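S.K.: The following block contains a protein sequence and its predicted model.
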Amino acid sequence: QVQFVASGGGLVQPGGSLRLACEASKNLARIYHVGWYRQRPGEQHVLVASITDGGRIEVLESLKGRFTISRVNAENRVYLQMHNLKPEDMATYYCHEVLPLTPIDDYRDWGQGTQVTVSS
């Protein structure tokens, strides 16, 4: 199973922007549907945005207009651009293949996430 290593997180003030990146351990072009997820302490992973190999994008309704996702198969990377960050965006962010028939709680091999802290 493919694993991802996420990077680009850090401390940002409310209203700021961050661009996260995750690199796949295998050829990203072989992964049809990939997503960015986030997990707040004590909570489950939530899918925030996903993109198919054909470029079909879905973003969590509450994040539309602030978050965008992109992928560059040649780089084996998936990006998450976040604007106007809010304290409630604080979480650890991960990439994972989107498995429509599997509950997110049953996903394995989350790989390395990246912490986003939004604070003044």
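M.R.: Right, received. Where do you want to start?

S.K.: distance of the residue nearest to the spatial centre of the chain from Asp106?
M.R.: Among the residues of the chain, the one closest to the centroid is Trp36, at 2.0 Å (C-alpha atoms, centre = their mean). Shown here: Trp36 relative to Asp106, a distance of 18 Å by C-beta to C-beta, to the nearest Å. All C-beta spots, glycine's among them, are computed from the backbone N, C-alpha and C.

S.K.: Please look at the residue nearest to the centre of the chain and Val46 and confirm they touch.
M.R.: No: Trp36 lies out of contact with Val46 (C-beta atoms under 8 Å); the separation is 9.9 Å.

S.K.: OK, contacts around the residue nearest to Val98 when sequence neighbours are not counted?
M.R.: Ranked by C-beta to C-beta, 6 or more residues apart in numbering and with sequence neighbours excluded, the top spatial neighbour of Val98 is His33, at 4.0 Å. Counting by C-beta atoms under 8 Å, 6 or more residues apart in numbering, His33 touches 50-53, 97-98, 100.

S.K.: and His33, bridged to which residues?
M.R.: Counting by DSSP bridges, His33 is bridged to Thr52.

S.K.: so where's the protein uncertain?
M.R.: Filtered on pLDDT under 70, the chain yields no residues whatsoever.

S.K.: which residues of it fall in helices?
M.R.: Counting by DSSP state H, the chain has no helices to list.

S.K.: Burial check on Ser7, number of neighbours?
M.R.: The tally of other residues near Ser7 (other C-beta atoms under 10 Å) stands at 15.

S.K.: Great, nothing more from me.
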